[in-house]
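Visitor: Predicted coordinates and the sequence they were generated for:
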Amino acid sequence: MPVYTSDTLLYQCFETLFAIIEEQEPNAPEALLKSKLAIRFNCQDPVASITIDARKSPVKTHYGLLEAKPTITVGLKADTLHCLLLGDLRLGKAVGSDLLELNGPVWKTLALADLFHAAQKYYPKVLADNNLNTACPELGSPG
């Protein structure tokens, strides 16, 4: 059974996570702003889309589909994103195991490092606060 039972729950958790990061780690988006990156995470199980747009300040996060084309698109299961944020799955292994699909200038994803590390720091608390599984489920291909 997927960690997130609905897109509403996934969006709620990620809105909370990004609000915590904004409050606790105000410098985390700096590298994103320098890269002028817009990255979209297209999730399955449940179907959801999160876009982080750092093409201009302030960084904006959108939940749901947008017409605007991102710089990079990442296709993955929500459980794969969950495992990456828990630190139980390394990005290199996820790419090598075909657990996610990257489209766009992949080298620009390095700009996500600070934001990603901040997210890993606060993600377990967001899960606990929402009574969600804090373990990484068995993963299959992105679908």
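Guide: Arrived safely, thanks for sending.
Visitor: In contact with residue 66, which residues?
Guide: Residues near residue 66 by CB atoms under 8 Å, 6 or more residues apart in numbering: 40, 49, 51. The way it works is simple: take the backbone N, C-alpha and C, and place the C-beta from them, glycine included.
Visitor: chain center to the host helix or strand of the last one: distance?
Guide: It refers to residue 51. If you go by DSSP states H and E, residue 51 is part of strand 48-53. Mean-position distance between strand 48-53 and its chain equals 8 Å (CA atoms, centre = their mean, to the nearest Å).
Visitor: Show me where the chain has its strands.
Guide: 38-44, 48-53, 60-63, 72-77, 100-103 (DSSP state E).
Visitor: Make a markdown table from the contacts of residue 66 and add neighbour count, pLDDT and distance to residue 102 to it.
Guide: Below are the contacts of residue 66 laid out as a markdown table (neighbours: other CB atoms under 10 Å; pLDDT from 0 to 100; distance: CB to CB, whole Å):
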| residue | neighbour count | pLDDT | distance to residue 102 |
| --- | --- | --- | --- |
| 40 | 22 | 96 | 11 |
| 49 | 18 | 97 | 15 |
| 51 | 19 | 96 | 15 |
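Visitor: wait, what's in contact with the nearest residue to residue 64 once chain neighbours are set aside?
Guide: Distances taken as CB to CB, 6 or more residues apart in numbering place residue 49 nearest to residue 64, at 5.9 Å, with adjacent residues excluded. Counting by CB under 8 Å, 6+ apart, residue 49 touches 40-43, 63-66.
Visitor: how about these, which pair is most distant?
Guide: Largest separation among the contacts of residue 49 by CB to CB: 43 and 66, giving 14.4 Å.
Visitor: CSV for the strands of the chain, including distance to residue 13?
Guide: Below are those laid out as CSV (distance: least, CB to CB, whole Å):
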stretch, distance to residue 13
strand 38-44, 12
strand 48-53, 11
strand 60-63, 11
strand 72-77, 15
strand 100-103, 19
